[in-house]
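Undergrad: Would you be able to build a 3D model of this:
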Amino acid sequence: MYGNRSGSLKNKIIITLCFLLLVFISQYGLAGSTEDINTGERDLNQSIIDFVTKIYQSYSEEDFKFVYEKLHPDLKDIISEEEYIKFQEENFRKYKLEIGKIKVMAEVSETVLPDKFTGLLKTDEEVYTIKVSYEMKFETAGIEKKHENEKEILIARKDEKLYLLWDPSIVDD
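TA: Residues are numbered from 1 along each chain as shown. Model (predicted):
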């Protein structure tokens, strides 16, 4: 019984920290405005790198509204802005989360939409992955912990705009 709760807690912490890392990364690598990122005027790979960097920067700064705005529109039909922000704020507060040492890798790869998003997205779009590494600090049971993470971030491209793909089911876990 307690083992499952611990595993679920670890998953939530890791997911939250990964997301924080994404926000933090965006803080250090973005050149130009977010409007620039979505115009299609710049190289697609660099646009994706900048987009992910800005998201992780904002997430590390606890600007969850900005991050929510970058979610794919179909995901916003599943989770409201209020639910998303409340979930993120509660996790940051509960675990005293900090994200740092964020690095967005330069390699962007086109991929297929993972099964967990089948049925969540209404249209077929180009999907890309990019790796992000970061350090996550958190507190659990009164003990401060540090964990190095590397995560693949999914980005969708629709009508020349980039969107973050985030699994909303973690809110229910």
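Undergrad: Quick check: closest non-adjacent residue to Leu162.
TA: Distance criterion CB to CB, 6 or more residues apart in numbering; nearest residue to Leu162, sequence neighbours excluded, is Phe51 at 4.7 Å. Backbone N, C-alpha and C define where each C-beta goes, glycine included.
Undergrad: Secondary structure of that neighbour: a strand, I assume?
TA: No: Phe51 is assigned helix when assessed by DSSP: H, G, I helix; E, B strand; the rest coil, not a strand.
Undergrad: How many residues are close by it?
TA: 26 (other CB atoms under 10 Å).
Undergrad: Can you tell me how far it is from Glu110?
TA: 15 Å (CB to CB, to the nearest Å).
Undergrad: what's the answer for Tyr95, then?
TA: 34 Å.
Undergrad: just checking, what packs against the helix or strand where Asn91 lies?
TA: Counting by DSSP states H and E, the element that carries Asn91 is helix 81-95. Counting contacts by 3 or more CB pairs under 8 Å, 6 or more residues apart in numbering; DSSP states H and E, helix 81-95 is packed against helix 2-29, helix 64-69, strand 126-140.
Undergrad: helices and strands of the protein: which one bottoms out on pLDDT?
TA: helix 34-37 (a mean of 47; mean pLDDT, DSSP states H and E).
Undergrad: Between Tyr95 and Glu110, which has more neighbouring residues?
TA: Between Tyr95 and Glu110, counted using other CB under 10 Å, Tyr95 has the larger neighbour count: 19 against 10.
Undergrad: Flag the shaky bits of the protein, pLDDT-wise.
TA: The model of the chain has pLDDT under 70 over residues 1-42, 172-173.
Undergrad: Assumed Leu120 was part of a helix.
TA: No: per three-state DSSP, Leu120 lies outside any helix segment and is coil.
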